[in-house]
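Q: Have a look at this prediction, sequence included:
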Amino acid sequence: MTATNEKTGAGGVKATSTIMGEFMAARALCISAKEELARRMPDNLTPEQFVVLKMLSAGEIYADDLAERSGILAPSLSRMLNDLEAIDAISRKQCPTDNRRKLVRILKHGKDLVKAAK
């Protein structure tokens, strides 16, 4: 069914499909939430970086697992981790058994950034 198809609802009343309307409302809500989160961030922190730092607050995690859990594509996460490492918010170290994996941990400055979010 497309967004413009009509169907008969309860009592024989025709109702226009609201799939597209629901999608647009959800999209607007997502954009609004992201804008609100951005307003609450310290000037040098993006909402996406905040989410990653908040996840790291629970404990160190391998970068590939962090990408999967956060829903951020690995190349994008790698760039983000580079930026966070450059401001001493996180550190990465090589996995002792697999050179392709990096263990990521939050540092004091990263914890301070999370606390600074309003």
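A: Ah, there it is.

Q: now the helices for the chain?
A: Taking DSSP state H as the criterion, the chain contains helices spanning 19-40, 47-56, 63-70, 74-86, 108-116.

Q: Please name whichever of the ones you listed is nearest to Arg101.
A: helix 63-70 (6.3 Å; Cβ to Cβ). Placement of C-beta: from N, CA and C, glycine included.

Q: Could you pull out the buried residues of stretch 77-95?
A: Neighbour counts over stretch 77-95 (16 or more other Cβ atoms under 10 Å) mark Leu77, Met80, Leu81, Leu84, Ala89, Ile90, Ser91, Arg92 as buried.

Q: Oh, that last question was meant for stretch 92-110, not what I typed.
A: For stretch 92-110, by 16+ other Cβ under 10 Å, it's Arg92, Lys102, Leu103, Val104, Ile106, Leu107, Gly110.

Q: Stretch 51-64 too?
A: The neighbour-count check on stretch 51-64 (16+ other Cβ under 10 Å) flags Val52, Leu53, Met55, Leu56, Ile61, Tyr62, Ala63, Asp64 as buried.

Q: with the buried residues of stretch 77-95 in mind, which one is nearest to Pro42?
A: Nearest to Pro42, judged by Cβ to Cβ, of these is Ala89 at 10.7 Å.

Q: Pull the most distant pair out of the buried residues of stretch 51-64.
A: Pairwise distances across the buried residues of stretch 51-64 peak at 17.8 Å for Leu53 and Asp64 (criterion: Cβ to Cβ).

Q: got the contact list for the most centrally placed residue in the chain?
A: Geometric centre of the chain, nearest residue: Glu48, 4.9 Å, by Cα atoms, centre = their mean. Residues in contact with Glu48 (Cβ atoms under 8 Å, 6 or more residues apart in numbering) are Ile72, Met80.

Q: All good on my end, thank you.
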